[in-house]
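Peer 1: okay, structure incoming, though there's no sequence with it:
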């Protein structure tokens, strides 16, 4: 198009600058733009396809160290349809399977965080709960149990019913516990809601009579449910013993509480877990009652206390550290501790306080047994749920500010043992330590009730004392060749112990000693 304007440049006596545009701008060459007619068209709706959808994907984890509570083996794992289909050495892997090389890394069951207190700040807001589960799953938690501290049982029931209907709303699986104060609370919650654990405040154990606690335990047993008691590391109210406990050491209060609840639970045969135990004497009480046949567990604080008897097989760990800071601090802090698992591994397994198998037992296997979801979870074997964690023992990272406060560690210190990958229900949720934002594969778990044993209530822990007769002088074991007493003749199979005393001789008591309250006076003279 020729607009017949003079082109000015340096060769034609003009400056080659912006002034040459003046001749262009002075011409009227503007033409009105004709817009096209708008035509409305409706597109057909189509379903969105998620990016890298892991549904129905076959995954093979090779060359990893498979860590269970009983052993650590170098095996391969094949995951199909959310389950572990094969475990072994040199297993056959399909061509379409996604292969993850876990060489020099541990593959352990997903962590079951038994005491998260997640709903203390979120309430009944599912979206807020889902957002906070990002930190949990980033730290290796595939299932968490949270106490729903809401006194309104109707609202709690509606909330739990809504959770059962929704699927894939969380980054990790969720289990709920409810508070209780009396036996009537247990009957208000239907078994269809999937709640099998109730929690009673520690103060209630001292305030309630034994009969009231036994009624509560009987109600729990009838429904196949378990009981939790939080001892708060012995930091109990000074007035719980009728105002006379201010001079009682916290350790003694904790031990007294543990002994009382274990004694009553043993009589009724109800599973019990004591939370936030710190006193080794209390752990010894739990071990003693477990030896007798009671189902009792103790959640130890991960305060890295080396005096804990780790040989006990009824201990577990969780991320909630009630004893390491005050309750007011817990309420004001935001976010969850996402590296507590790495810290425990670094301080305990890395420093050889216990083996990797014990680490799995504390963080996964025992919590699964206490929730009655073992062996569905808490173990790596065929037909179990594919909730897995791949942990790199040689990779380090700096502890977060929150974790340094909880575990009394220097801020910014390095710990070894980082979570690399996390699988929830067979789906990859965490990859290379980062949470995939659309990988909400967690669900609310409907727990099965514990099996109810048809046994008579144990009225007494003690058996009646049996009479032990005085053995003969040549008997080494007092239980051998016992003699039955003849009270009328004061003889044992015809033998009189002291022929001089005759019938005036008193028999031995049930404890094997003479009754000093009975008179042995005689007027017989010996001359």
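Peer 2: Good, I have the coordinates. Remember, it's a predicted structure, so these values are computed and weren't measured experimentally. Numbering: from 1, shown residues only.
Peer 1: please count neighbours and contacts with C-alpha atoms only from this point.
Peer 2: Fine.
Peer 1: after the lowest-mean-pLDDT helix or strand in the chain, next one along is what?
Peer 2: Here the helix or strand of the chain ranked lowest by mean pLDDT, DSSP states H and E is helix 327-332, holding a mean of 39. Per DSSP states H and E, the first helix or strand lying C-terminal to helix 327-332 is helix 340-344.
Peer 1: in stretch 83-100, what counts as buried?
Peer 2: 83-88, 93 (16 or more other C-alpha atoms under 10 Å).
Peer 1: what of stretch 441-455?
Peer 2: 441-450.
Peer 1: specify which member of the residues you listed is nearest to residue 271.
Peer 2: The nearest member of the buried residues of stretch 441-455 to residue 271, counting by C-alpha to C-alpha, is residue 450 at 8.7 Å.
Peer 1: quick check, that closest one in contact with residue 220.
Peer 2: No: using C-alpha atoms under 8 Å as the test, residue 450 is too far from residue 220 to be in contact (9.9 Å).
Peer 1: list the residues that contact both of the two?
Peer 2: Taking C-alpha atoms under 8 Å, 6 or more residues apart in numbering as the criterion, residue 450 and residue 220 both touch residue 226.
Peer 1: picking up where we left off before, out of the buried residues of stretch 441-455, which is nearest to residue 109?
Peer 2: Distances from residue 109 to these, taken by C-alpha to C-alpha, are shortest for residue 442, at 15.5 Å.
Peer 1: go ahead and confirm the closest one touches residue 172.
Peer 2: Yes: with contacts counted by C-alpha under 8 Å, residue 442 reaches residue 172, the gap being 4.2 Å.
Peer 1: joint contacts of these two?
Peer 2: 142, 424.
Peer 1: state the number of residues packed around residue 191.
Peer 2: The tally of other residues near residue 191 (other C-alpha atoms under 10 Å) stands at 17.
Peer 1: residue ranges for the helices of the stretch 201-350 of the chain, please.
Peer 2: 202-207, 210-223, 250-268, 280-292, 327-332, 340-344 (DSSP state H, counting those that start in this stretch).
Peer 1: mind showing which ranges of this structure have poor pLDDT?
Peer 2: 1-35, 38-56, 119-124, 151, 168, 233-248, 302-306, 321-337, 454-527 (pLDDT under 70).
Peer 1: need the contact list for residue 300.
Peer 2: Residue 300 touches 275-278, 315-317, counting by C-alpha under 8 Å, 6+ apart.
Peer 1: thinking again about what came up before, reformat the buried residues of stretch 83-100 as JSON lines; add distance to residue 75 and secondary structure.
Peer 2: JSON lines is the format used below for the buried residues of stretch 83-100 (distance: C-alpha to C-alpha, whole Å; DSSP: H, G, I helix; E, B strand; the rest coil):
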{"residue": "83", "distance to residue 75": "16", "secondary structure": "strand"}
{"residue": "84", "distance to residue 75": "13", "secondary structure": "strand"}
{"residue": "85", "distance to residue 75": "13", "secondary structure": "strand"}
{"residue": "86", "distance to residue 75": "10", "secondary structure": "strand"}
{"residue": "87", "distance to residue 75": "7", "secondary structure": "strand"}
{"residue": "88", "distance to residue 75": "5", "secondary structure": "strand"}
{"residue": "93", "distance to residue 75": "13", "secondary structure": "coil"}
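Peer 1: what would those look like in JSON lines with distance to residue 390?
Peer 2: Shown next, in JSON lines, are the buried residues of stretch 83-100 (distance: C-alpha to C-alpha, whole Å):
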{"residue": "83", "distance to residue 390": "16"}
{"residue": "84", "distance to residue 390": "15"}
{"residue": "85", "distance to residue 390": "18"}
{"residue": "86", "distance to residue 390": "17"}
{"residue": "87", "distance to residue 390": "15"}
{"residue": "88", "distance to residue 390": "17"}
{"residue": "93", "distance to residue 390": "19"}
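Peer 1: how about residue 374: what's its closest non-neighbour residue?
Peer 2: residue 368 (5.1 Å; C-alpha to C-alpha, 6 or more residues apart in numbering).
Peer 1: ok, the one you found touching residue 362?
Peer 2: No: look at residue 368 against residue 362 with C-alpha under 8 Å: they stay out of range, at 10.1 Å.
Peer 1: quick check: neighbours shared by these two?
Peer 2: What both residue 368 and residue 362 touch, as defined by C-alpha under 8 Å, 6+ apart, is an empty set.
Peer 1: if I pick residue 105, what's in contact with it?
Peer 2: So residue 105 contacts 64-65, 390-393 (C-alpha under 8 Å, 6+ apart).
Peer 1: going by distance to residue 187, which of the residues you listed wins?
Peer 2: Nearest member of these to residue 187, counting by C-alpha to C-alpha, is residue 390, at 41.2 Å.
Peer 1: so the closest one, which of the three states?
Peer 2: strand (DSSP: H, G, I helix; E, B strand; the rest coil).
Peer 1: ok, it to residue 154 distance?
Peer 2: 40 Å (C-alpha to C-alpha, to the nearest Å).
Peer 1: so which of those two has more stuff around it?
Peer 2: When neighbours are counted by other C-alpha under 10 Å, residue 390 and residue 154 differ, and residue 390 comes out ahead with 27 against 12.
Peer 1: so that one touches residue 102, yeah?
Peer 2: Yes: counting by C-alpha under 8 Å, residue 390 does reach residue 102; the two are 7.3 Å apart.
Peer 1: in the helix or strand hosting residue 132, what counts as buried?
Peer 2: Under the criterion of DSSP H and E, residue 132 resides in helix 126-138. Within helix 126-138, the residues scored as buried using 16+ other C-alpha under 10 Å are 126, 129-138.
Peer 1: what's in contact with the one helix or strand residue 421 maps to?
Peer 2: In this assignment (DSSP H and E), residue 421 forms part of strand 414-424. With contact meaning C-alpha under 8 Å, 6+ apart, strand 414-424 is reached by 110, 137-140, 142, 171-173, 342-343, 345-346, 350, 386-399, 428-433, 441-442.
Peer 1: do stretch 276-287 as well
Peer 2: 230-234, 251, 254-255, 258-259, 262, 296-301, 307-309, 312, 314, 321-323.
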